[in-house]
Structure formats: structure tokens, C-alpha cells
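A.B. asks: What follows is a predicted protein model with its sequence.
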Amino acid sequence: MDTGFDLRKHGGVDVFLRDCPTRSVLELIASKWTMLVLVALEDRRPMRFAELRRRLDGVTSKVLTQTLRALERDGLMTRTVYPTVPPCVEYQLTKMGQEVGGLLQTITDWSQANIAAVQAAREEFDERATRQPPGVGTSSAGGR
């Protein structure tokens, strides 16, 4: 028996459906670099490209440029070009970007607060995996 609520019948969207336009927004936000850019810009002050690149250790210029363009396209960030030599470009979150940036900051805070427990769980899992024969596992999910 289907107990799901199909929002399409009521003028909404259903993110669980393959063709739902919301999925493209979720894919963007779920990207590691998007999340980090949004959190870096979350303090509501404009940042220049080089400053963002230094803040996001490991990001390439190409990936950062692609990420910033996608965020601007979706209305989560603004790009302001100042007519100087060389041109000065600043990036800042829009109101929507600030909203999602706040949510992602909460996830970042949770990740930092729980990293020790996550690492311990990983080590425990890896240790169990080395002691079990291939193809044999125990499930703590109640047989799901």
C-alpha cells in the first residue's frame, strides 16, 4: 500500500521523482565545493576570488570558477565587477544564499563536533571487516 504523498497533485514538487527540478538544486548544494563556498561566504561580507581560493584549501581555479558560476546562476550568490585595473571581482551571498549557507553552517558545525565519533565508527567497521570472511556480514539495521 502506497502511503506516499504526491505533491504534484497539489501544485508542488516531489524531490524523489527523477524529473523533479528540485533535484538539480540539491545536486548543486550537495557538492563539496558548493557547500564550502556557501559556508565561507556565510559571514555576509564580500570575498574576492583569490581570497576564496586560499580559504578553500585544495580547490582548483577551474572548479571554483564553475562552482561560483552555478551559484550565481541559481541566485544564491552575486558577482560584482569593479572597473579597476586589474578588474576587482567580489562574491557575496544573496538572501537565498544566506538561508542555505546558515543550514550548511549547522551541518559543518555538526561534522566538526562529531568527527571523533565518526572516525571511531569507521575504525570499528574496518576492524570488523578484516575479521569476517568475504561475503559475510552482520547487520545492525534489523535485517533491512
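C.D. replies: Yep, that arrived.
A.B. asks: what residue ranges in this structure score low on pLDDT?
C.D. replies: Across the chain, the ranges flagged by pLDDT under 70 are 1-12, 134-144.
A.B. asks: all strands for this structure, in order.
C.D. replies: For the chain, strands defined by DSSP state E occupy the ranges 47-48, 77-82, 88-93.
A.B. asks: Buried deepest among the ones you listed, which one?
C.D. replies: Compared across the strands of the chain, strand 88-93 shows the largest average neighbour count, a mean of 18 (mean count of other CB atoms under 10 Å). All C-beta spots, glycine's among them, are computed from the backbone N, C-alpha and C.
A.B. asks: That one packs against which elements?
C.D. replies: With contacts defined as 3 or more CB pairs under 8 Å, 6 or more residues apart in numbering; DSSP states H and E, strand 88-93 has these neighbours: strand 47-48, helix 49-55, strand 77-82.
A.B. asks: returning to what we had before: closest to residue 21 out of the strands of the chain?
C.D. replies: strand 77-82 (19.5 Å; CB to CB).
A.B. asks: Now do the closest one: which elements does it pack against?
C.D. replies: Helices and strands touching strand 77-82, by 3+ CB pairs under 8 Å, 6+ apart, are helix 61-73, strand 88-93.
A.B. asks: can you put these in TSV and add distance to residue 101?
C.D. replies: Formatted as TSV, the helices and strands packed on strand 77-82 follow (distance: least, CB to CB, whole Å):
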stretch	distance to residue 101
helix 61-73	10
strand 88-93	6
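A.B. asks: where exactly do the helices run in the protein?
C.D. replies: 22-30, 32-40, 49-55, 61-73, 95-131 (DSSP state H).
A.B. asks: Of the ones you listed, flag the one that's most buried.
C.D. replies: Among these, helix 32-40 has the highest mean neighbour count (mean count of other CB under 10 Å), at a mean of 20.
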